[in-house]
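>>> okay, here's the prediction I keep looking at, along with the sequence it came from:
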Amino acid sequence: MADDSTTTIRATFEIRAAADLAVEHLVQQHGISRPDVIIQSASGEKTAGSRPSGGDASREDGARHDGAFEGEIEVSADIAADQAAAVLRSFGDAGAIRVSGK
């Protein structure tokens, strides 16, 4: 008998690009439907992450000053319970600084 239970996995990222990469892994590698994945600020503040990267760090002084770096980004996904271990690994591979399951 198959296990039809679902669980919610949450991961926190410092960089928006890492959060976006995690979402792509969930959708493309694990077949999770995009509407089952949520990206939001972990703090409730408008944010592009807690530190700059890539194009955000393109100025001579090392960082742009027009982006909101007010906190971390949370990615959560409702997944089949039997996918939890693989999804946790994918979040870690994408650069998550914290991961939790519910």
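Received, thanks. Numbering: from 1, shown residues only.

>>> please make it C-alpha for all contacts and neighbour counts, starting now.
Will do.

>>> residues contacting the closest residue to G101 other than its chain neighbours?
Counting by CA to CA, 6 or more residues apart in numbering, G101 lies nearest to I9, which is 4.4 Å off, once chain neighbours are set aside. For I9, the residues meeting the contact criterion (CA atoms under 8 Å, 6 or more residues apart in numbering) are 76-79, 84, 87-88, 99-102.

>>> ok, and for the helix or strand hosting I9, which residues are buried?
Counting by DSSP states H and E, the element that carries I9 is strand 6-13. Using 16 or more other CA atoms under 10 Å as the test for burial, strand 6-13 gives 8-13.

>>> so where is this protein shaky, pLDDT-wise?
Confidence mapping of the chain against pLDDT under 70 gives the ranges 1-3, 45-70, 102.

>>> swap the cut-off to 90 and go again
Applying pLDDT under 90 to the chain flags the ranges 1-4, 6, 14-17, 40-73, 100-102.
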